[in-house]
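>>> Below is the sequence, then the predicted model.
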Amino acid sequence: MNMLALFMAGTLLAATPMAAAAQSTASAAPAVDAETARLNAWLNAKYEAQMAASPMARSYAGEKKDYDKIDDLSEAAAALQLERMRLEVEELKANFDRAKLTQDAQLSYDLWIYQYEEAAALAKFRRNAYVFEQMYGPHTRMPQFLMQVHRVDEPSDMDAYVARIGGIARALSQQLEIAKRNAAAGSRVPRFSYEMMIPQAKALSSGAPFGGGEGDNAVWKDANAKIDGLVKAGKIDAARADAYRAAAKTALIEQWKPVYDQLIAWFEAELPLADAVATGVGKNPGGKAYYDMMLRSSTTTGLTAEQIHRIGLDEVARIKGEMEAIKQKVGFKGSLQDFFKFVREDAQFYYPDTDAGRQQYLDDATRYVAFMKERLPRYFGILPKADIVVKRVEPYREIPGAAQHYYFSTPDGSRPGVFYSHLSDMRAVPKPQVEVITYHEALPGHHMNFAISRELTDIPEFRKYLYINAFQEGWGLYSEKFAKEIGAYQDPYSDFGRLTTEIWRAIRLVVDTGLHSKGWTEDQAVRYFTDNSPAAIGQIRSEVKRYIIMPGQATGYKIGMIQMEKLRRKAEAALGGKFDIRGYHDTIIGRAQMPLDVLEQQVDIWIAKQKAR
């Protein structure tokens, strides 16, 4: 599995024994420190070797080494990477005594092993995966990488940009071959996904310099803007700028356009073969086992689909009770369903569908970021150095009603984190939800989590970039609720918006398992969602489509939040007056991401240290 895929693959199922809390005696400390230093050097060397196979991962990390290259995304390359990881695990076990490491180094040891074990487990289901889909398919993710991640500060960076146009074309061709094999094996996205991907791909292969469409193609526009930036900075003259434009144009026409034409042709050929009535992966060959694996990966637990479904039903019922209390607080006369309809449909809860309305949304979200920035030092000891900004999703990948999302900052803070919102359909971004989603995606949610991890200097590099679904999404949801404790949601409708997003995540447990393990159709899932939430119908339909093509991923949010709240209650009960909220939060997000069972062990260690003071 290539490194870029590893970053997105999901959870590790590590297990650090509780005995790790009992460290070596003081007399053995120098030996332990020396062994730990040796391990960290080994891990960093192996990670560097892995990074050599993923120049895109280097760019995501803010590096410019191999800046003109794009990852090999073939199945052969993935198999080689997995075998290399297996051999590295053998070498790790043969050359290091885990018992002679510090507690944190033991965590690194375990995470390295289970990073491989997770990749190996997922590789067994490679034919079940959806390669191209409307949310994060490579046909939109790769152009986004080129435009958003590939910085052009020097002329050589523009040379690399042009080279990467061809590299992306090659990588997309490799992904298309895998997608064809998977579809032939019975793993084909529903018809709606092809219907959404076709215009996405056409938007990325029309307009200038290709012809057809109106205005400039997004990549061509980006290339010209970066060339203009070099001219403005005095790095190149007009003649060299013209040469770069000619080179970029040639690469786009001769390399980029042909592969997008192939994608479009395949999407169009697949569309009539795809299911018109969409459901989950359980119907696909091996789909049940695949879904069970995705649940384990997404939640880092052994919870079954039936158990997760039941947790979701119970949480939906509980949150509805809190919603009922707000309904009464605002004096609404009628049932909760009537209140849902009122909040979903009344014009006062929506921004105007105009440029001014979109700017108002961005301004409000930016204001909530500023509110949280002012309060963070009281509740967190570790704060991110990188800034966070709010932006609208670029037109070429904007989907009406699609979920807002976070984009990473660089470890040195030179590129801020970005809270992105889809604003083509203003009815899909209700005012009551803007505050809570800002806290989830920006502060103290995803930006705090990812930026702090990447800015750590005393852990092996690979840990800074681990992506563990239940941890990072559980933290995002925990952050939403924690914000209420520190003065957010002063408007009761904004607090209702918070509950709307929490019940949304509880509904995900019901709907995701319903689709993939119980055979629910898309319409059944939409109906359950609509009956139990005031979310806008555009949001609901887009969300259900997301769950269908990303099996299991949506279950990590609520399962992770439940665990983090449980651990906080445990610490508060154990420590009483010694409980420090800053210390607890730093324990949760101050050592990068980890599986939920390992997180509990870290909290137990922190509790023991606090008691010993």
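That came in fine, so what should we check first? Owing to the predicted nature of the structure, the values given are computational and were not obtained by experimental measurement. Numbers count the residues shown, from 1 in each chain.
>>> quick one: low-confidence parts of this protein?
Applying pLDDT under 70 to the chain flags the ranges 1-28, 213, 396.
>>> Which segments of it make up each domain?
Domain assignment of the chain by automatic domain parsing yields the ranges 1-124, 130-275, 287-561.
>>> With respect to Lys611, which of those domains lies nearest?
domain 1-124 (11.7 Å; Cβ to Cβ). (Each C-beta comes from the backbone N, C-alpha and C, glycine too.)
>>> how about the strands of the stretch 351-500 of the chain, start to end?
388-392, 405-407, 417-421 (DSSP state E, counting those that start in this stretch).
>>> Among the domains of the chain, show me which one is buried the most.
Mean neighbour count (mean count of other Cβ atoms under 10 Å) peaks for domain 287-561 among the domains of the chain, with a mean of 20.
>>> I'd like the distance between Glu565 and Arg378.
The gap separating Glu565 from Arg378 is 20 Å, by Cβ to Cβ, to the nearest Å.
>>> By residue count, which helix of the protein is the longest?
helix 155-184 (DSSP state H).
>>> That one - contacts with which helices or strands?
helix 138-144, helix 218-232, helix 238-251, helix 257-270 (3 or more Cβ pairs under 8 Å, 6 or more residues apart in numbering; DSSP states H and E).
>>> Go again with 10 Å.
helix 55-60, helix 75-95, helix 138-144, helix 218-232, helix 238-251, helix 257-270 (3 or more Cβ pairs under 10 Å, 6 or more residues apart in numbering; DSSP states H and E).
>>> need the contact list for the closest residue to Glu324 other than its chain neighbours.
Closest residue to Glu324 apart from its sequence neighbours, by Cβ to Cβ, 6 or more residues apart in numbering: Leu336 at 5.6 Å. Residues in contact with Leu336 (Cβ atoms under 10 Å, 6 or more residues apart in numbering) are 320-321, 323-324, 326-327, 532, 534.
>>> Kindly report the same for Pro551.
Contacts of Pro551 by Cβ under 10 Å, 6+ apart are 128-130, 280-282, 284, 287, 290-291, 293-295, 298, 512-513, 515-517.
>>> Please repeat the previous calculation with a cut-off of 8 Å.
For Pro551, the contact set (Cβ atoms under 8 Å, 6 or more residues apart in numbering) comprises 280-281, 290-291, 294, 512, 515-516.
>>> Then Arg58?
Applying Cβ under 8 Å, 6+ apart, the residues near Arg58 are 51, 64-67.
>>> on that earlier part again, out of the helices and strands packed on helix 155-184, which gets nearest to Ala179?
Ala179 lies closest to helix 257-270 among the helices and strands packed on helix 155-184, at 7.6 Å (Cβ to Cβ).
>>> what residues does the helix or strand following that closest one touch?
Next along the chain after helix 257-270, taking DSSP states H and E as the criterion, comes helix 287-299. Defining contact as Cβ under 8 Å, 6+ apart, one finds that helix 287-299 is touched by 9-11, 13, 118, 121-122, 124-125, 128, 280-282, 284, 302-305, 308, 469-470, 516-517, 551-556, 559-560, 596.
>>> Among those, name the ones in helices.
9, 118, 121-122, 305, 308, 469-470, 516-517, 556, 559-560, 596.
>>> re earlier: dump the helices and strands packed on helix 155-184 into TSV; add distance to Met197 as well.
TSV is the format used below for these (distance: least, Cβ to Cβ, whole Å):
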stretch	distance to Met197
helix 55-60	21
helix 75-95	21
helix 138-144	7
helix 218-232	16
helix 238-251	23
helix 257-270	5
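>>> Please identify which of these is closest to Leu383.
Using Cβ to Cβ, the helices and strands packed on helix 155-184 put helix 55-60 closest to Leu383, at 22.1 Å.
>>> about what we covered before: and the helix or strand that the longest helix of the chain is followed by with helix 257-270, angle?
Next along the chain after helix 155-184, taking DSSP H and E as the criterion, comes helix 191-203. Put simply, helix 191-203 runs at 160 degrees to helix 257-270, going by axes from the mean of the first three to the mean of the last three Cα atoms, to 10 degrees.
>>> Put the alpha carbons of helix 191-203 into CSV.
Provided in CSV are the C-alpha atoms of helix 191-203 (Å, rounded to 0.1, in the frame of the first residue of the first chain):
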residue,chain,number,x,y,z
ARG,A,191,-25.8,4.9,-10.5
PHE,A,192,-26.1,8.2,-8.7
SER,A,193,-22.3,8.2,-8.1
TYR,A,194,-21.6,7.9,-11.9
GLU,A,195,-24.1,10.6,-12.5
MET,A,196,-22.2,13.0,-10.2
MET,A,197,-18.7,12.0,-11.3
ILE,A,198,-19.4,12.5,-15.0
PRO,A,199,-19.9,16.3,-14.7
GLN,A,200,-17.0,16.5,-12.2
ALA,A,201,-14.7,14.9,-14.8
LYS,A,202,-16.0,17.0,-17.6
ALA,A,203,-15.5,20.2,-15.6
